[in-house]
Structures are given as C-alpha cells and as structure tokens.
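Participant: 3D, please:
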Amino acid sequence: MADHTHIEWTDATWNIVTGCSVVSPGCTNCYAMKLAGTRLRDHPSRKGLTTDSKAGPVWNGQVRFNADWLTQPLRWSKPRKIFVAAHGDLFHDGVTDDQLDQIFAVMALCPQHVFQILTKRPERMLAYFVRLAESQRALDHMSFIVPQALDDAAARIDGASHGVSFDDTPWPLPNVWLGVSAEDQTRAAQRVAILLETPAAVRWVSAEPLLGSIDFRSLEVEPPHRRYRNALTGQGMSRTDGPFFAETLSAKLDWVVVGGESGQGSRPMHPDWARHIRDDCAAVGTPFLFKQWGDWTPGENAQNTIGRTVETADWFNDQWHFETLTPASAEGMHIDDEPTCYRAGKKAAGRRLDGVQHDGYPAEVAQ
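Facilitator: Down below sits the predicted model:
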C-alpha cells in the first residue's frame, strides 16, 4: 500500500487484497500482474500469485488477504481518496464474505476518507450486497443502517472504535464509490448494468485501457426486462421488480474515467473513442476525467518523434494497422497528418484531450 500514488484520480492505495485472474482483454498488460511477477515476486503480499509464461508473468487465480494492512486507513487522519485493492480485485471469488465484511467495516469506520473500488466482477459485488440486505432484514433492522455483519466485523478489528458508532451510519456507505472497469462496448454492457443494480452512493466506470468504442447512452443487457437505455442519465430503463433496492430504477453513472494503455505491448486508443465519451458526459453533466493517453497519442502530442524512428498505427476495417517509419521514410510527412496514432511514450503523450485537461469528479470531492 502507499500513502501517495501516481494514479491521477486518487491519493493513496490500500492493497488489502492482492492477486487476480485474467478475465478479459483489458487484463492482458495489467501493470499489477507484471509487477507481482517481477520486482515484487518475492514480497510476502505477492509471492506465488503469478505463473511465468512466454508472454511474461500471468495471474494464477490465487488471491491474498493482507490482514496486516487491514487497519491502515484507520491510522490516516487526513482525508484521502483511497483506491481499494489497486493490485487485485476486491470481489474476486477468492475473497471470502467474512474478509469483505472486515474491509467494509474499516471503510465505515473511516468517514473522513473516500474509498474508490473497481471490479471486473460486478456479479459477485451484487451478490455480496444482496447477502447483507437479506441478513439485515432477517434481524428486522432498517436496510439503510449499516448491516449487523459489518458491526460484528468491526468488533474484531484491533483499534477499530475510533469513536465511530454504527447506530446511525447510513447504508450504502456515503464514502464508498463502487465502480467497474470496462475496456469496450461488450464489457461495458456486461458490467455496467449490474453496477446500476448495486446500491452505492457513487457509481463509476474506469474505461482504461480503452480498447474500443463505448456508447453509454445505449447500453443493453439481456434479458429484456433488465435493459438499460442510458447509463449516464438513468432514463429509459425498465425492469421487473427485484428482490430489493427499487432505487435502481433511477440509477445512473456518477463519474467516468477514460485512459489509454502504457507499458510494453501497449495497444493504441483511438482519439474518437475518448472524444465520444467526453462529449456524451458533457451533454448530460456527468463528471469526466481523462487519465492519460498511454504510450500512443495523436500527432498533436507527438512532436518529439520527428527525426527518429517512430511506430504508427492506423485504424481501418475495424482493426489497427501498424507501421514503423524511419527518419528517411518519414521525410516530408507532417506529424499531425494521418496515421491516427504514434507511439510517443506516456510522458510525452500526456493527459490532455484536444488540448484540454479534464479532471472532473463527483460533486462530493469536486476539485
């Protein structure tokens, strides 16, 4: 874990869970996976979590609950935005319900912080919240008060009192933002609809690495009675009455983050994919944050490639076409002309979209 981080949208990381499994194309170049299998491979929190392959280290499906780090946020008095399980997935099947109870209890005991959660497994996330709701109703407790399971977990956490009472703590926790990662339309359709069924103070999407276009206005998921028409406004949705949380009928996304991929083997992000999401968010007032271009960028950010060998990428026929240009072959070419993207490196590419830095946040921490 780290009290400081280079991740643009958060202040600190809390790696209470480490380890994961590859589930979709966005996992291919996971920086946490590569780090766990190289520089941190012998660290107690990462040891044995990856398997070597020809493509490099790969998550092997094991996850680790780092109990020694459980109370770390309790010792941070200054308010922070904290990315939970930055090097894993909090809702991986390998994380038990009891462990989740302890993690959420700590978050409930730290109202001064904002906890940011991302998952590629929203089905497990929803199932966990269903379990809490059902157990709470069995005790005849109001569903908008922190569930008894978290109260019980807090009692087992060393130093957890901190003067915080759960008697009037609302549920879902107002300082916990639940989000999903989605790299393309297929993954967005699968994950965002389930996120919108899950009770949360803030719901958000990290479209990073963005590997294809995403139209949040027309996300659909089967069966038809759970079809969402506009994830940004919550309008046009219809579903049969569910077992709980009728509020989901008006659910919408509260924040969207977009970013390209960096590092070895990184894949380009078409500028229009990011622009369309930016424009859709602007049209309905959804906060938008552009995290980074990654290694690939349009010509406006690639001026330092002039006079040296440069990799280029053109998008046509629904796929990328790559070429390597030497200074001789690039002679006379204007850097802002086609091809679509250039490999300039993360630092040179920066994080400005059409010359503008977008740092939108939900209203709770607007900066």
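Participant: Just to check, residue 173 is in contact with residue 108?
Facilitator: Yes: Residue 173 lies in contact with residue 108 (C-beta atoms under 8 Å); the separation is 5.6 Å. Any C-beta I mention is one placed from the backbone N, CA and C, and that applies to glycine too.
Participant: the more surrounded of those two?
Facilitator: Neighbours were counted for residue 173 and for residue 108 using other C-beta atoms under 10 Å; residue 108 has more, 24 against 20.
Participant: Pull up the overlap in contacts between residue 173 and residue 108.
Facilitator: Common contacts of residue 173 and residue 108 (C-beta atoms under 8 Å, 6 or more residues apart in numbering): residue 146.
Participant: Endpoint to endpoint, stretch 81-97 covers what distance?
Facilitator: End-to-end distance for stretch 81-97: 24 Å, by C-alpha to C-alpha, to the nearest Å.
Participant: For it, what does the pLDDT average out to?
Facilitator: Averaging pLDDT along stretch 81-97 gives 98.
Participant: before we move on, what about stretch 177-186?
Facilitator: For stretch 177-186, mean pLDDT rounds to 97.
Participant: Dump it to PDB, keeping only the CA atoms.
Facilitator: This file holds the C-alpha atoms of stretch 177-186, laid out as PDB (Å, rounded to 0.1, in the frame of the first residue of the first chain):
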ATOM      1  CA  TRP A 177     -17.700   4.600  -4.600                       C
ATOM      2  CA  LEU A 178     -18.400   1.400  -6.400                       C
ATOM      3  CA  GLY A 179     -17.100   1.100 -10.000                       C
ATOM      4  CA  VAL A 180     -16.400  -1.300 -12.800                       C
ATOM      5  CA  SER A 181     -13.600  -1.500 -15.400                       C
ATOM      6  CA  ALA A 182     -14.800  -1.700 -19.000                       C
ATOM      7  CA  GLU A 183     -12.500  -1.700 -22.000                       C
ATOM      8  CA  ASP A 184     -15.000  -1.900 -24.800                       C
ATOM      9  CA  GLN A 185     -18.800  -2.000 -25.500                       C
ATOM     10  CA  THR A 186     -19.100  -5.700 -24.800                       C
END
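Participant: Pull the residues that contact it.
Facilitator: Contacts of stretch 177-186 (C-beta under 8 Å, 6+ apart): 24-26, 114-120, 122, 125, 172, 187-188, 191-192, 194-195, 198, 200-215, 219, 254-255, 362.
Participant: Just the C-alpha atoms of stretch 344-351, please, in PDB.
Facilitator: Taking C-alpha atoms only, stretch 344-351 is exported to PDB below (Å, rounded to 0.1, in the frame of the first residue of the first chain):
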ATOM      1  CA  ALA A 344       5.400   8.700 -28.200                       C
ATOM      2  CA  GLY A 345       5.700   7.300 -24.700                       C
ATOM      3  CA  LYS A 346       3.500   8.000 -21.700                       C
ATOM      4  CA  LYS A 347       5.300  11.200 -20.600                       C
ATOM      5  CA  ALA A 348       5.300  12.800 -24.000                       C
ATOM      6  CA  ALA A 349       1.700  11.800 -24.700                       C
ATOM      7  CA  GLY A 350       0.500  13.400 -21.500                       C
ATOM      8  CA  ARG A 351      -3.200  13.600 -20.500                       C
END
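Participant: Sort out which residues of the lengthiest helix in the chain are buried, please.
Facilitator: When the chain is parsed with DSSP state H, its longest helix is helix 122-138. By neighbour count on 16 or more other C-beta atoms under 10 Å, the buried set for helix 122-138 is 122, 124-126, 128-130, 132-133, 136.
Participant: show me where the stretch 201-350 of the chain has strands.
Facilitator: Assigned by DSSP state E, counting those that start in this stretch, the stretch 201-350 of the chain shows strands spanning 202-207, 255-259, 288-292, 296-297, 310-316, 319-325, 341-343.
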